[in-house]
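Below are the sequence and a predicted model for it; my questions follow.
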Amino acid sequence: MLIYPAVFEQEEHTIVVHFPDIPEAITFGIGMDDARFMAQDAVTTALDFYFDDMRAIPMPSPVKEGQIAISLDETASMKVMLHNEMVKQHVIKAELARRMNIAPQHIKRLLNPKVPTKLTTLSEAFAALGKRLEIRVV
């Protein structure tokens, strides 16, 4: 699971949240619970910029003192790693669809961090890139 550090800053009646590793992710909340909820949504939503532009998504840096850890769920984390492997190998969405023998429109859903995807489908996508998906319990 990918865990991104977030900076929470109190301003008058709101808490502003930004992510050092994902500068596109910035939000605010009214109170700490709301700010955490909004931070989770902001970091996931900001990933769309990287997916759309086929740019590598920065991996999270260690959480420093004063920062708060915001976790991507397991599926979103795997999709980030899949996307980054596609960027590394210069494989566009249409090519991944061809390699997986699926319709190109399914790749958009496959790479959407907010859309649930079966583990077998993610495993097949990694296999199409010559990689193997491993899951560990720690």
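All right, it came through fine.

And the contacts of the longest helix seen in the chain?
The single longest helix within the chain, with elements called by DSSP state H, is helix 32-53. Under the contact criterion Cβ atoms under 8 Å, 6 or more residues apart in numbering, helix 32-53 has outside partners 4, 6, 8, 14-15, 17, 19, 22, 24-29, 55-57, 68, 70, 72, 76, 80, 83, 111-114. No exception for glycine: its C-beta is placed from N, CA and C like everyone else's.

low-confidence ranges in this structure?
Within the chain, no range satisfies pLDDT under 70.

Excluding sequence neighbours, find me the nearest residue to residue 39.
residue 17 (4.4 Å; Cβ to Cβ, 6 or more residues apart in numbering).

same thing with residue 54?
Distances taken as Cβ to Cβ, 6+ apart put residue 87 closest to residue 54, at 5.9 Å, once the chain neighbours are dropped.

Tell me who's in contact with that neighbour.
Residue 87 neighbours (Cβ under 8 Å, 6+ apart): 54, 55, 56.

Could you report the distance from the closest residue to the second one other than its chain neighbours to residue 96?
Spelled out, it's residue 55. Excluding the flanking residues, the one nearest residue 55 by Cβ to Cβ, 6+ apart is residue 87, at 6.8 Å. Between residue 87 and residue 96 the distance is 11 Å, computed by Cβ to Cβ, to the nearest Å.
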